[in-house]
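Engineer: Predicted model and sequence follow; I will ask about them next.
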Amino acid sequence: MSINTFLKLVEIQTKLASLFPFLLGTLFATYYFDSFSPINTLLFFLSMIIFDMTTTAINNLMDYQKAKDEGYKDEVNIIGQEKLSEKLVVRLIVAMLVIAFLLGIILVFRTNIILLLIGAVCFFIGIFYTFGPVPISRMPLGEPISGLTMGFGIFFIAAFVNVEPGTLLSLAFEGTRFMVEGDMVLILSLFLVSLPAVFLIANIMLANNTCDLEQDILNHRYTLPFYIGKKRAVQLFNGLVYSSYAVVVIAIILGLLHPILLLLVVTILPMRKNLAVYNAKQVKSETFVIAIKNIILFCSSEVVLLAISLLFR
């Protein structure tokens with residue numbers, strides 16, 4: 001398998017959905033908690049990106065094996081396009097999964113054992129998102145679960161590995177007893193600040209499922225747009241974008257973000273143009289990219305402004 005084919009199998013271009021919450025969580029921890037651990041950050045980044053590639057490879061393999069439409073298997077799915085051996089794909093998946101797991105274990109030893117439980121939940125969701133008799137991605141739960149797991153989960157762990165152990169959440173053992181401690185206010189603060197990433201990542205899957213609605217029905221995939229219809233799916237897509245701006249304003253009012261983040265409002269103008277294009281038609285080859293453009297526009301601007309806010313910490 002060539003490197004180019006491997007990158008297509010893991011859909012490397014979609015990894016922005018992981019990169020942005022990682023950067024935002026790391027920058028927020030540095031800004032709000034005045035804490036940064038370069039080694040922990042690197043370890044988490046490698047584990048996160050490898051696991052993300054693993055879940056995408058599993059998704060492509062499951063879609064290939066479960067497809068009812070032969071045209072999709074041979075012409076759309078990368079495994080059929082490149083005539084890849086299913087056994088080779090499985091071996092790659094297992095290898096990447098083991099590497100991501102080992103990196104995660106190192107992080108657990110460097111932080112707190114509670115990270116093992118958090119990571120286990122993320123691994124479970126990541127694997128069964130596309131694997132099993134009824135994958136999460138084939139249900140109407142796909143959008144909220146992908147948004148929360150990646151948008152909040154990655155954001156939280158990126159902050160968790162950078163702050164002092166016990167600041168956010170910890171698990172301690174004493175004999176046969178154990179105790180979980182955490183700061184509810186800080187955790188809710190992280191959740192609020194992560195919501196734009198949650199919404200915009202959910203929108204990527206929402207746009208994908210809206211554009212693929214007819215093909216998904218042929219392949220017996222009944223996703224959220226199937227249940228709410230295309231019109232409401234498009235309305236939800238728009239609502240999540242505008243809600244992202246509202247969340248940033250609320251976070252500034254609460255003192256969680258620096259007022260310089262208000263400059264994000266400037267991006268509403270190009271964002272409205274993007275939404276107008278998407279609202280006009282929902283075609284995978286033409287307008288799915290709008291969901292990608294939206295997260296790049298919003299989150300890259302937020303990353304830059306958060307980085308600048310470190311100067312005023």
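Structural biologist: Structure received.

Engineer: Please report the distance of Leu269 from Ala251.
Structural biologist: The gap separating Leu269 from Ala251 is 22 Å, by Cβ to Cβ, to the nearest Å. Every residue, glycine included, has its C-beta placed from N, CA and C.

Engineer: Of those two, give the one with the bigger neighbour count.
Structural biologist: Taking neighbours as other Cβ atoms under 10 Å, Leu269 and Ala251 compare with Ala251 leading, 20 against 8.

Engineer: Now do the same contact list for the more buried one.
Structural biologist: Counting by Cβ atoms under 8 Å, 6 or more residues apart in numbering, Ala251 touches Leu192, Val193, Leu257, Leu261.

Engineer: so it is in which element?
Structural biologist: Ala251 is part of helix 224-253, with elements assigned from DSSP states H and E.

Engineer: For that helix, buried residues please.
Structural biologist: Residues of helix 224-253 classed as buried: 224-226, 233-234, 236-238, 240-241, 244-245, 247-248, 251-252 (neighbour count, 16 or more other Cβ atoms under 10 Å).

Engineer: quick one on the thing from earlier: would you reformat the contacts of Ala251 as a markdown table and include secondary structure, neighbour count and distance to Leu117?
Structural biologist: Output for the contacts of Ala251, formatted as a markdown table (DSSP: H, G, I helix; E, B strand; the rest coil; neighbours: other Cβ atoms under 10 Å; distance: Cβ to Cβ, whole Å):
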| residue | secondary structure | neighbour count | distance to Leu117 |
| --- | --- | --- | --- |
| Leu192 | helix | 17 | 23 |
| Val193 | helix | 27 | 23 |
| Leu257 | coil | 25 | 29 |
| Leu261 | helix | 20 | 32 |
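
Engineer: which one of these sits closest to Phe156?
Structural biologist: Nearest to Phe156 out of the contacts of Ala251 is Val193 (Cβ to Cβ; 10.2 Å).

Engineer: thinking the closest one is in contact with His258, fair?
Structural biologist: No - in this structure Val193 lies outside contact range of His258 using Cβ atoms under 8 Å: 11.7 Å.

Engineer: what's near enough to touch the residue lying farthest from the centre of the chain?
Structural biologist: For the chain, the largest distance from the centre (Cα atoms, centre = their mean) belongs to Gly175, which lies 37.7 Å off. Contacts for Gly175 (Cβ under 8 Å, 6+ apart) come out as none.

Engineer: Mind pulling up the pLDDT for it?
Structural biologist: Here, the pLDDT recorded for Gly175 equals 83.

Engineer: Relative to Gly119, how far out is it?
Structural biologist: The spacing between Gly175 and Gly119, counted by Cβ to Cβ, is 25 Å.

Engineer: Report the buried residues of whatever helix or strand Leu188 lives in.
Structural biologist: Leu188 belongs to helix 184-211 when assigned by DSSP H and E. Buried positions in helix 184-211, judged by neighbour count with 16+ other Cβ under 10 Å: 186, 189-190, 192-211.

Engineer: Kindly report the same for stretch 272-280.
Structural biologist: Buried residues in stretch 272-280, counted by 16+ other Cβ under 10 Å: Asn274, Leu275, Tyr278.
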